[in-house]
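# heads up, no residue letters with this:
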């Protein structure tokens, strides 16, 4: 499946994978700082942020209407000396039929179907999906849109801390920060890395993620902010599904850290929850509907803004990681649903989307992703949401 996917992308018109930046959707950016249990302070509306790293050429214009995208790594360029293969004469119907089985077209159809389900379940929700293959080919649905990162980026902070101080300095914080998603421990990871600016420098220069930015994380320390932090005009903690998935690809390939540091971080992320034990659980959404052996071998980290934190326009679920197939092949997946009125359906949709994308990539036609009660809002799961809590 992956070989087929890589082959077809070589003949597509390439888009710069991350040339379209955080803030390209034009919506106001919101700064949210969560409490030690993922609760966030009152948001402050701010202008759309400029990228931390300015591209060397203007970003391409985003399409007028959302559509699934297929992109290649910027490093993958065609050799201009190679003569193109002549296209045989055939009808338009024959040409379209020849593409019907190709990976990217079928995945695009899957994205469109998932978007329709999201619209049906949660009409006000916004979604973003990124699938990144080991060669960094990106297949996504609005994958580069800038989003509030919440705790989904804590693995990046852990990686920056590992490079700065080593495994033994990070180990005491890893369980609380990555598995319990404790925000006080997350703040200490930032401190071990050298502070907010050091985390941002590592993210830009080592992880090569120019549009993922940490603005402030002020739990127990009001001064844990970026050097250019402006309270009256903050930029916010931001990322995109494309960059989250790219981080996991590069981590899993061992490109970001020394071998012992990389192994430690991957081990901690394997210890995160692989299932949901109750309807209010949040930390196993991505893997909950996957086959058990796949879930147990996959690593991920979720980040959320839940009803007892935020009004509906700020609620979201992000989950991203590496999905390992039974044959040992793998891909990175990042999924987000935000601003939906029904938070229980937000999480159901992310879990369903992850399962259906896995089933498509793994060609597992026997896997049943749907569950009884899907798409039916249960106000008892998050009663605080019904009162605007």
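In hand now; what should we look at? Worth saying up front: this structure is predicted, and the values here are computed from it rather than measured.
# rest of the way, CA atoms for contacts and neighbours
Noted.
# Same question for stretch 118-127: list its buried residues.
By neighbour count, with 16 or more other C-alpha atoms under 10 Å as the criterion, the buried positions of stretch 118-127 are 118, 121, 122, 125, 126, 127.
# between these, which is closest to residue 209?
residue 127 (20.7 Å; C-alpha to C-alpha).
# Can you tell me the element the residue nearest to the closest one when sequence neighbours are not counted falls in?
In space, residue 127 comes closest to residue 337 once its chain neighbours are excluded; the distance is 4.5 Å by C-alpha to C-alpha, 6 or more residues apart in numbering. The secondary structure element spanning residue 337 is strand 330-338 (assigned by DSSP states H and E).
# residues near the nearest residue to residue 370 once chain neighbours are set aside, how many?
Leaving aside its sequence neighbours, residue 370 sits nearest to residue 352 (C-alpha to C-alpha, 6+ apart; 6.8 Å). Residue 352 is flanked by 24 other residues according to other C-alpha atoms under 10 Å.
# contacting residues around residue 173?
Taking C-alpha atoms under 8 Å, 6 or more residues apart in numbering as the contact definition, residue 173 lies against 185, 186, 188, 189.
# Show me the shaky parts of the stretch 201-350 of the chain.
For the stretch 201-350 of the chain, the stretches flagged by pLDDT under 70 are 233.
# Quick one: the strands in it, in order.
Along the stretch 201-350 of the chain, the segments classed as strands by DSSP state E, counting those that start in this stretch run 238-239, 299-305, 316-324, 330-338.
# which residues sit against the last one?
Right, strand 330-338. Strand 330-338 is touched from outside by 125-134, 241-242, 244-246, 248-249, 313-324, 346-347, 349-350, 353-354, with contacts defined as C-alpha under 8 Å, 6+ apart.
# So in that sheet, which strands flank that strand, and in what orientation?
As defined by DSSP bridges, the strand partners of strand 330-338 come to strand 126-132 (antiparallel), strand 316-324 (antiparallel).
# can I get those in JSON lines with distance to residue 159?
Written out in JSON lines, the entries for the strands paired with strand 330-338 read as follows (distance: least, C-alpha to C-alpha, whole Å):
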{"stretch": "strand 126-132", "distance to residue 159": "20"}
{"stretch": "strand 316-324", "distance to residue 159": "14"}
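# So in terms of bridging, what pairs with the residue nearest to residue 127?
residue 127, residue 317.
# what about residue 379, neighbour count?
For residue 379, the tally of surrounding residues (other C-alpha under 10 Å) stands at 13.
# Which residues are in contact with the nearest residue to residue 254 once chain neighbours are set aside?
Distances taken as C-alpha to C-alpha, 6+ apart put residue 262 closest to residue 254, at 6.3 Å, once the chain neighbours are dropped. Contact analysis of residue 262 by C-alpha under 8 Å, 6+ apart lists 159, 251, 252, 254, 256.
# Residue 262 and residue 277, how far apart?
Applying C-alpha to C-alpha, to the nearest Å, the value for residue 262 to residue 277 is 29 Å.
# can you check residue 256 too?
When distance is defined by C-alpha to C-alpha, residue 256 is 33 Å away from residue 277.
# Same drill for these two, tell me which one is more crowded.
Legend: neighbour count by other C-alpha under 10 Å for residue 256 and residue 277, higher for residue 256 (21 against 12).
# in what helix or strand does the residue nearest to residue 370 lie?
Element membership of residue 352 [criterion: DSSP H and E] is helix 343-362.
# Give me the distance between that helix and the centre of its chain.
Mean C-alpha position of helix 343-362 versus that of the full chain (C-alpha atoms, centre = their mean, to the nearest Å) differs by 13 Å.
# tell me the angle it makes with strand 299-305.
With axes from the mean of the first three to the mean of the last three C-alpha atoms, to 10 degrees as the criterion, the two stretches helix 343-362 and strand 299-305 enclose an angle of 150 degrees.
# counting contacts, what elements does helix 343-362 pack onto?
helix 103-121, strand 316-324, strand 330-338 (3 or more C-alpha pairs under 8 Å, 6 or more residues apart in numbering; DSSP states H and E).
# which non-adjacent residue is nearest residue 340?
Closest residue to residue 340 apart from its sequence neighbours, by C-alpha to C-alpha, 6+ apart: residue 125 at 4.0 Å.
# Please apply the same query to residue 353.
The shortest distance from residue 353 to any non-neighbouring residue, by C-alpha to C-alpha, 6+ apart, is to residue 114 (6.5 Å).
# And for the one you found, the neighbour number?
Taking other C-alpha under 10 Å as the criterion, the count of residues near residue 114 is 20.
# That one contacts residue 355, correct?
No. Residue 114 sits out of contact with residue 355 when judged by C-alpha atoms under 8 Å, with a separation of 11.1 Å.
# and the buried residues of stretch 118-127 as JSON lines, adding distance to residue 108?
Conversion of the buried residues of stretch 118-127 to JSON lines gives the following (distance: C-alpha to C-alpha, whole Å):
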{"residue": "118", "distance to residue 108": "15"}
{"residue": "121", "distance to residue 108": "20"}
{"residue": "122", "distance to residue 108": "21"}
{"residue": "125", "distance to residue 108": "19"}
{"residue": "126", "distance to residue 108": "17"}
{"residue": "127", "distance to residue 108": "14"}
